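Chemist: Please find the sequence and the predicted model below.
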Amino acid sequence: MSFSSKLIQWYAQNARELPWRQTSDPYIIWLSEIILQQTRVEQGLPYFQTFVTQLPTVSDFADAPEDFILRLWQGLGYYSRARNMHKAAKAVMHDYSGRFPTSYHELIQLPGIGSYTASAIASFSSNEVRAVVDGNVYRVLSRVFGIDTDINSGAGKKQFQELADSLISEKEPGLYNQAIMDFGATVCKPKQPLCANCIFVHECDAFATGRIALLPKKIKKTKIRKRYFHYFIIRRSAEVMIAKRPDGDIWANLHEFPMIETAAPISVTELQENAAFKTHFAQNIPIPLGDSIKQILSHQHIYAQFYLLPEDIDIKNKKTDWQYILLEKLDTLAKHKLIFSFLRTDNFPQ
DNA sequence: TTCCGGTCGA
DNA sequence: TCGACCGGAA
């Protein structure tokens, strides 16, 4: 039996009963699809009921004030969805005299409707043969067919769309689309998939090769970490105190000045209250030297503020790598860019 | 704390 | 091509 036949047969036994599945009205399907973008069914369900009751037609939607729409949307998140729906409803009134479109090419032009949603509405409302590719589809196809192309890459999107297009049932495209997404949502789940009950367990490449947890492959977007470094210039006649970066962090073993790091930007007053500051510098008052310096790395943004502390202060709990060195030796030490960026400014006290 | 997820616009 | 947009679940 074909891939699509197996799924449709599975769906006949296991479909979730959801209110928007009782209709082919593209307006109602549109409401449900936009609400379900980025949103779990359980969370979206009560919102769907509210929208259907409060705004039963696209004309009602277009005529409602935006404030009213947003109030109904409250708590659902991604509020641009609601604003785009309002624009789309007005466009449907204006461009289609209130007849909600059912073809992919018309739907994709409306605000808030991308390729997934256009395929979903077109296949559900008019059985247009358009394969949906959403998070569920990426998961099911990558596992069953053992495809480890990054789904966030252009090549991956193309490859999965082509595979989905080749698998869709030409006879029952809407049913097939519902089936593969329900299957992904309830059996081929992201975590703890129900492989024991899976209709594809004997042909699933990921199951056979132990790669369930590795697929679909998504190259992690290295999210930018923001860090706030506070450096202290401590002089003792012709000497200055330096420090060495620890292992296991950026710039390991390079030289810099004694510093403390905070998770957020802080004022001088807050710095004086900081536990690490008090540990080393007690009640001494740091004087900011110029503006903060921003250093951008691929994976972190570092905001560095330099401060002057009184000359020859008594440092408590001095770290072993904090050492006074002669100023003329400073040049010879290996330092990271942030440090010589600062030294290039005129803020270093001579 | 990390993961998950469609569309838009820069 | 990639970050912003949001809230909930694991």
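Modeler: Received it, and whenever you're ready, just let me know what you need. Please read all numbers here as calculations on a predicted model, not as lab measurements.

Chemist: Roughly how far does the residue lying farthest from the centre of chain A sit from A:E328?
Modeler: Largest separation from the mean C-alpha position in chain A: A:S237, at 51.2 Å (CA atoms, centre = their mean). Using CB to CB, to the nearest Å, we find A:S237 at a distance of 13 Å from A:E328. Placement of C-beta: from N, CA and C, glycine included.

Chemist: these two touch, right, A:I287 and A:Y307?
Modeler: Yes - using CB atoms under 8 Å, A:I287 is in contact with A:Y307, at 6.0 Å.

Chemist: More neighbours: which of the two?
Modeler: Using other CB atoms under 10 Å, the more surrounded residue of A:I287 and A:Y307 is A:Y307, with 21 against 13.

Chemist: Quick check: the more buried one is in a helix.
Modeler: No - counting by DSSP: H, G, I helix; E, B strand; the rest coil, A:Y307 is not part of a helix but strand.

Chemist: How about it, nearest residue that isn't a chain neighbour?
Modeler: A:P286 (3.6 Å; CB to CB, 6 or more residues apart in numbering).

Chemist: So for that neighbour, what's the pLDDT?
Modeler: Reported pLDDT at A:P286 in the predicted model: 95.

Chemist: Please apply the same query to the one 10 residues further on.
Modeler: Model confidence at A:I296, given as pLDDT, is 69.

Chemist: Also A:W322?
Modeler: In this prediction A:W322 is given a pLDDT of 93.

Chemist: Please list all residues in contact with it.
Modeler: By CB atoms under 8 Å, 6 or more residues apart in numbering, A:W322 lies in contact with A:M241, A:I242, A:A243, A:P258, A:I315.

Chemist: before we move on, the earlier item: what about the residue nearest to A:Y307, how many residues close to it?
Modeler: What A:P286 shows, counting by other CB under 10 Å, is a neighbour count of 20.

Chemist: Can you report phi and psi for it?
Modeler: phi -80, psi 140 (degrees, to the nearest 10).

Chemist: Relative to A:D182, how far out is it?
Modeler: 60 Å.

Chemist: and if you look at A:I315?
Modeler: 65 Å.

Chemist: Give me the spatial nearest neighbour of A:K6, chain neighbours excluded.
Modeler: A:I199 (5.4 Å).

Chemist: A:L289 now?
Modeler: A:N347 (3.9 Å).

Chemist: hang on, the earlier thing: from what I see, the residue nearest to A:Y307 and A:F306 are in contact.
Modeler: No - at 9.3 Å, A:P286 does not count as touching A:F306 under the criterion of CB under 8 Å.

Chemist: Now do the shared contacts for the two.
Modeler: Joint contacts of A:P286 and A:F306 (CB under 8 Å, 6+ apart) are A:F232.

Chemist: any weak-confidence spans in the stretch 101-250 of chain A?
Modeler: Applying pLDDT under 70 to the stretch 101-250 of chain A flags the ranges A:220-225, A:247-248.

Chemist: what does it put close to DNA strand B?
Modeler: Applying CB under 7 Å from any atom of the strand, one finds that the stretch 101-250 of chain A approaches DNA strand B through A:111-118, A:134-136, A:138-139, A:190-191, A:218, A:220.

Chemist: What about DNA strand C: which of those touch it?
Modeler: Okay, of those touching DNA strand C (CB under 7 Å from any atom of the strand), that's A:K191.

Chemist: Just the ones of the residues of the stretch 101-250 of chain A next to DNA strand B in helices?
Modeler: A:S115, A:Y116, A:T117, A:A118, A:G135, A:N136, A:Y138, A:R139 (DSSP state H).

Chemist: Let me have the residues you listed in a markdown table, extended by neighbour count.
Modeler: Shown next, in a markdown table, are these (neighbours: other CB atoms under 10 Å):
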| residue | neighbour count |
| --- | --- |
| A:S115 | 16 |
| A:Y116 | 17 |
| A:T117 | 21 |
| A:A118 | 23 |
| A:G135 | 15 |
| A:N136 | 19 |
| A:Y138 | 22 |
| A:R139 | 23 |
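
Chemist: Touching the helix or strand hosting A:Y231 from outside, list them.
Modeler: Assigned by DSSP states H and E, A:Y231 belongs to strand A:225-233. For strand A:225-233, contacts defined as CB under 8 Å, 6+ apart pick out A:240-241, A:256-266, A:271, A:277, A:281, A:286, A:289, A:299-309, A:338, A:342, A:348-349.

Chemist: how about a cut-off of 7 Å?
Modeler: For strand A:225-233, the surrounding residues in contact (CB atoms under 7 Å, 6 or more residues apart in numbering) are A:240, A:256-262, A:264-265, A:271, A:286, A:289, A:299-309, A:348-349.

Chemist: What strands line up against it, and which way round?
Modeler: Here strand A:225-233 is paired, per DSSP bridges, with strand A:259-262 (antiparallel), strand A:300-308 (parallel).

Chemist: Any buried residues in the shortest one, and which?
Modeler: Taking 16 or more other CB atoms under 10 Å as the neighbour-count basis, strand A:259-262 is seen to contain the buried residues A:M259, A:I260, A:T262.

Chemist: Say whether DNA strand B is contacted by that strand.
Modeler: No - using CB under 7 Å from any atom of the strand, strand A:259-262 stays clear of DNA strand B, coming no nearer than 13.7 Å.
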